[in-house]
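Trainee: Quick one: sequence plus predicted model below, questions after.
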Amino acid sequence: MTIRIVTDSTCDLPEAAVVAHNISVIPMMIQIGEQSFRDGVDISRRSFYECLPDCDPYPTTGAPGPDAFREVYTRLASEGATEILSIHIAASLSGVYDVARAAARSFTDVPVSVFDSRQVSLGIGFQAETAAKAAASGATLEQILELLKEQTARTHTAAVLDVFEYLQRSGRLNRAVAGLGAMLRFKPLLRIYNGEVKAESMRTRQGATQKLVEIMEEIGPLERVALLHSHAPALVEQLQQRAHSLLPLGEVFVVDITPVIGVHTGPGAVGFVGIAAKKG
């Protein structure tokens, strides 16, 4: 029995982790004017964030077609996979999950199961890692799915955006709310848990960063953490320093989020994905 893991580029897993755990990543699509780019392949994070404020029309994002998924599933089957588990961005936030399901239904070489991560960024990436490690240790698909469901219930994402503007331009925020936020110079703080997004407004950057630390403390102790930013290394370093005592021992990923997410956050966002430690 050989179970292989597939995910999409919103997972934000560093390349070293993707290679180490033999995970296949399907790139999402970004449309900038007349040009289409494969997320994480055809455009660098730096060049994307530098051009984003001046893009007109504003970039759009989308899932690749079912053929892109079937191509990866076919390759994995030819490499000896007997089952495939495809883990994707929250279905409540994107149509990727539905595209993957359509591809899986039409793929007959080996069984393909599609899992809704109910998360974004390293919330997905940590799930893909967990699944790949469990598969390598000989766990069955049913056992892996139980691990993922349990981990999902302990995974929290929170991020502060610099301005409301990019959520508005990407179509992810009501125009009236965005206008009010811009007028009052609020910083939007978003929390994602179990597929649901909650938002609140913070008046200052310092207050927003402190709120992120308080959220970490609230859900802690933490088993695993990734610190996230969109072209804002100084801000994520500040968060890391403030939250130092709350971070678990071991590796903490610090990730410049992938452009397909950055379209919606804009530059200057900072946040974290945290997995709460098991109780008892």
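Mentor: That came through, no problem. Note that the structure is predicted; figures quoted are calculated from it, not measured.

Trainee: For the residue positioned nearest the centre of the chain, which non-adjacent residue is closest in space?
Mentor: Taking Cα atoms, centre = their mean as the criterion, Ser121 is the residue nearest the geometric centre of the chain, at 1.4 Å. Closest residue to Ser121 apart from its sequence neighbours, by Cβ to Cβ, 6 or more residues apart in numbering: Asp12 at 4.4 Å. Bear in mind the C-beta positions are built from the backbone N, C-alpha and C, glycine included.

Trainee: Would you verify that Phe103 is located in a strand?
Mentor: Wrong residue type there; residue 103 is Ala, not Phe. No. The assignment for Ala103 is helix, going by DSSP: H, G, I helix; E, B strand; the rest coil, so no strand is present there.

Trainee: Might one say that it is in contact with Thr74?
Mentor: No. Under the contact definition of Cβ atoms under 8 Å, Ala103 does not touch Thr74, with a separation of 10.3 Å.

Trainee: Looking at those two now, which is surrounded by more residues?
Mentor: Regarding Ala103 and Thr74, a neighbour count based on other Cβ atoms under 10 Å identifies Ala103 as having more, with 23 against 13.

Trainee: Quick one: residues contacting the more buried one.
Mentor: Contact analysis of Ala103 by Cβ atoms under 8 Å, 6 or more residues apart in numbering lists Pro66, Asp67, Phe69, Arg70, Tyr73, Val112.

Trainee: what's the distance between the nearest residue to the fourth one once chain neighbours are set aside and Phe69?
Mentor: On the basis of Cβ to Cβ, 6+ apart, the spatially nearest residue to Arg70 that is not a chain neighbour turns out to be Ala103, at 5.0 Å. Counting by Cβ to Cβ, to the nearest Å, the separation of Ala103 from Phe69 is 4 Å.

Trainee: And Ala63, by the same measure?
Mentor: Ala63 sits 9 Å away from Phe69 when distances are taken as Cβ to Cβ.

Trainee: now Arg38
Mentor: If you go by Cβ to Cβ, the gap between Arg38 and Phe69 works out to 14 Å.

Trainee: who's more crowded, the two?
Mentor: With other Cβ under 10 Å as the criterion, Arg38 and Phe69 differ in neighbour count, and Phe69 comes out ahead with 28 against 16.

Trainee: Could I get the buried residue list for the helix or strand harbouring that one?
Mentor: In the assignment (DSSP states H and E), Phe69 maps to helix 66-78. Buried residues in helix 66-78, counted by 16 or more other Cβ atoms under 10 Å: Pro66, Ala68, Phe69, Arg70, Val72, Tyr73, Leu76, Ala77.

Trainee: Also stretch 18-27?
Mentor: For stretch 18-27, the buried set under the neighbour-count rule, 16+ other Cβ under 10 Å, comprises Val18, His21, Ile23, Ser24, Val25, Ile26, Pro27.

Trainee: Next: stretch 130-148.
Mentor: In terms of neighbour count (16+ other Cβ under 10 Å), stretch 130-148 has its buried residues at Thr130, Ala131, Ala132, Ala134, Ala135, Ala139, Leu141, Ile144, Leu145, Leu147, Leu148.

Trainee: Overlap in contacts, Arg38 and Phe69.
Mentor: What both Arg38 and Phe69 touch, as defined by Cβ under 8 Å, 6+ apart, is an empty set.

Trainee: about what we covered before: distance to Gln241 and pLDDT added to the buried residues of helix 66-78, as CSV?
Mentor: Output for the buried residues of helix 66-78, formatted as CSV (distance: Cβ to Cβ, whole Å; pLDDT from 0 to 100):
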residue, distance to Gln241, pLDDT
Pro66, 45, 96
Ala68, 40, 96
Phe69, 41, 97
Arg70, 46, 97
Val72, 40, 98
Tyr73, 43, 98
Leu76, 42, 98
Ala77, 47, 97
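
Trainee: out of the residues you listed, who's nearest Ile89?
Mentor: Of all the buried residues of helix 66-78, Phe69 has the smallest distance to Ile89: 13.5 Å, by Cβ to Cβ.
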